[in-house]
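*Asks:* coordinates only, sequence not included:
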């Protein structure tokens, strides 16, 4: 017999961000405010639903949520799993067994696919389940929303790191004048472009931006590096880890073995490692690279206050939508015209989101092969919270 | 004819840190308090002396120094240059020409060599020059001092990042359970060891520590990774970028091309990239790596307040030593017994410092092949300022 009290179940999915726990805290606190007495958390995303690996979140001390709200990563654990037809039925059986009536999934494109599948499966069998997706991705690549929680904080980290790496490279220009920074973002260059958010003028870092929307002309890239080096004495280039060459081949397969040579030694290459080696070989000048990796999506010290607030609000709004009877939608953001910046929320049909990607629009890419248009700054600066403070300079 | 007013000249050298500008600000502000009216800054270290590329720091607006004090990197620019016999004479000629009587050099082991050379050359020709070195290195590898300015801040960054990467890896354990973090430090493992400063218990990150003082038994490393993975479900290993195997060969030549294969494709490999590939191949489990690179020595957001204060104090003390008539020494730190932590300064003969390295002592290495003894935490925790806050946990 199913428990009489209807339950809300929340889970987290996909790559972590600094603010996806703020969304979780929003869900739990709004559920409490809305009088939902049973709040379950599935461990490791949909995997926890399938395996019945659940936590009673209503039993947690109330005080923990303000701390969780400011903790990076996924406090419930996360996963990357595409649901099979059998998984859908199994997951729904678990939800029915537990009398779960509200299913809230914090995640990105793939997670929207999972939420949509559960919504459709519940409708097919006539089970009254409200499914709401809460956007989450540092990649900022979800359609139907002005931006995604997680992006502003990762963007702030990348913008600050690029200024830091610029200051370092400029100081060390006599021995290590070329610096590459490898940034995440799958097929979308939003996070790579964020490297420009602390840039003051053309002499400042970053000098070159290589987004995945533009296949890389390697010869032109080397020429641009050489030209910037002659002009400024040092160069900082920010490259997507997924960058491809003109033939569409990935420049690096980050962290993975591409092939083994005749002696069994692996040929290793991320995009930045490959380009760093090319610069050394072709230009005869020393290049180094930074690959912040996980760190770029985990820094609470450099999180955006705006992003933290919006992620929390999205969690709250998801509960409100579910209680209003909405289902099969994601919490989306819209930005009313005019300044100062503010954003509003709206429901977005999950069919417009699942498995879709929003890449950088042409207006941001018109500025030249290795730069980002000024319109991007107007779009992204409000999202990173406090601006990147320019450093005082003696040189 | 030499200018009548004696001048102080200050320069910065070696790899940047978050606090070497705090030392610069200390020098300039103490010089002002001590009535030195001519304060020159050489651009790009000793290179600026040799080329007469100097800035009149006394002409800068007074207010800039509080801002410079909290700016990472080397505001004057830095260099890596070993002085030839001819360089020594040329540099001294410039100093004599400018009536420089106080030469203050902010740097590490190699920079101490430069300072010592100038001190000796001045004495040989009977020119009254006071030479004081101000310690600076994230590597913490200078002899004659309890610790080095720069270390506490980089240590705090690495400690925090390791906790962040741990939280990320634990959340993503179903798809990406193994994380390597590649850390700087040349031949000394002080910064690698700092990864343990936020560790709460054996299940927490970091699970394995690979310092350059211990040549790596790669088979034992793979066994330890597998064992930790079975036990905890995820693994974070922190490895020195300079780690060598049992035969003494570097596992990776960070950022550099080791060789080209028959097709001209470079074999690229940093230590973490090499080990990541090995884990994938030998254990069949997905590993990823973070290589913070420059970022680990540039973060003001994660700087240590203790380190910032001590770096500033060291700059002030160098001026005081010079005016007292000392020369050929470095500002060293001693730590009186007992708690709470405090440190005092003392002059250290540069002949004990130049080109020497202080590696991790045996007491810190006795705990096992992939861990660091508890005595290290007692040593290093006071240096990173506020402790690393433990994250709240639901899992």
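*Replies:* Perfect, I can see it now. The structure displayed is predicted, hence computed values, not measured ones.

*Asks:* next one: the residue lying closest to residue A:313 once chain neighbours are set aside from chain B, what distance?
*Replies:* In space, and not counting its chain neighbours, residue A:313 is closest to residue A:26: 6.5 Å by Cβ to Cβ, 6 or more residues apart in numbering or on different chains. Backbone N, C-alpha and C define where each C-beta goes, glycine included. Relative to chain B, residue A:26 is positioned 15 Å away (Cβ to the nearest Cβ, to the nearest Å).

*Asks:* and for residue A:347?
*Replies:* Applying Cβ to the nearest Cβ to residue A:347 and chain B gives a distance of 27 Å.

*Asks:* that residue: what secondary structure?
*Replies:* Secondary structure, DSSP: H, G, I helix; E, B strand; the rest coil: residue A:347 is strand.

*Asks:* pLDDT at the residue nearest to residue A:313, what is it?
*Replies:* pLDDT, residue A:26: 98.

*Asks:* repeat that for residue A:269.
*Replies:* 62.

*Asks:* repeat for the one 10 residues further on
*Replies:* The confidence metric pLDDT takes the value 94 at residue A:279.

*Asks:* residues contacting the one helix or strand it maps to, please?
*Replies:* Residue A:279 is located in helix A:271-283, with elements delineated by DSSP states H and E. With contacts defined as Cβ atoms under 8 Å, 6 or more residues apart in numbering or on different chains, helix A:271-283 is touched by A:178, A:180-182, A:218, A:221-222, A:225-226, A:229, A:237, A:239-243, A:250-252, A:254, A:285-291, B:255-257, B:266, B:268, B:270, B:273.

*Asks:* residues near residue A:70, how many?
*Replies:* 18 (other Cβ atoms under 10 Å in any protein chain shown).

*Asks:* doesn't it lie inside a strand?
*Replies:* No - going by three-state DSSP, the assignment for residue A:70 is coil, not a strand.

*Asks:* residues in contact with the helix or strand hosting the residue nearest to residue A:313?
*Replies:* Residue A:26 belongs to helix A:20-33 when assigned by DSSP H and E. Outside helix A:20-33, the residues that touch it by Cβ under 8 Å, 6+ apart are A:8, A:10, A:12, A:39, A:41, A:57-58, A:60, A:62, A:65-66, A:68-76, A:104, A:106, A:134, A:136, A:149-150, A:308-309, A:311-320.

*Asks:* just those residues: which are in helices?
*Replies:* Of these, the ones assigned to helices by DSSP state H are A:65-66, A:68, A:308-309, A:311-320.

*Asks:* what does the stretch 101-250 of chain A put close to chain B?
*Replies:* Residues of the stretch 101-250 of chain A found near chain B, taking Cβ under 8 Å from any Cβ of the partner chain as the criterion, are A:160-161, A:164-165, A:167-175, A:179.

*Asks:* okay, these in JSON lines with neighbour count, secondary structure and pLDDT next?
*Replies:* Below are those laid out as JSON lines (neighbours: other Cβ atoms under 10 Å in any protein chain shown; DSSP: H, G, I helix; E, B strand; the rest coil; pLDDT from 0 to 100):
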{"residue": "A:160", "neighbour count": "25", "secondary structure": "helix", "pLDDT": "98"}
{"residue": "A:161", "neighbour count": "28", "secondary structure": "helix", "pLDDT": "98"}
{"residue": "A:164", "neighbour count": "28", "secondary structure": "helix", "pLDDT": "98"}
{"residue": "A:165", "neighbour count": "27", "secondary structure": "helix", "pLDDT": "97"}
{"residue": "A:167", "neighbour count": "25", "secondary structure": "helix", "pLDDT": "97"}
{"residue": "A:168", "neighbour count": "29", "secondary structure": "helix", "pLDDT": "98"}
{"residue": "A:169", "neighbour count": "25", "secondary structure": "helix", "pLDDT": "98"}
{"residue": "A:170", "neighbour count": "25", "secondary structure": "helix", "pLDDT": "97"}
{"residue": "A:171", "neighbour count": "27", "secondary structure": "helix", "pLDDT": "97"}
{"residue": "A:172", "neighbour count": "25", "secondary structure": "coil", "pLDDT": "97"}
{"residue": "A:173", "neighbour count": "21", "secondary structure": "coil", "pLDDT": "97"}
{"residue": "A:174", "neighbour count": "16", "secondary structure": "coil", "pLDDT": "95"}
{"residue": "A:175", "neighbour count": "13", "secondary structure": "coil", "pLDDT": "93"}
{"residue": "A:179", "neighbour count": "30", "secondary structure": "strand", "pLDDT": "98"}
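
*Asks:* contact partners for the spatially most central residue of chain A?
*Replies:* The centroid of chain A falls nearest to residue A:138 when counting by Cα atoms, centre = their mean (1.3 Å). Contact partners of residue A:138, counting by Cβ under 8 Å, 6+ apart, are A:15, A:17, A:150-151, A:153-155, A:184-185, A:191, A:296-297.

*Asks:* which of those residues has the weakest pLDDT?
*Replies:* For those, the weakest pLDDT value sits at residue A:185, with 91.
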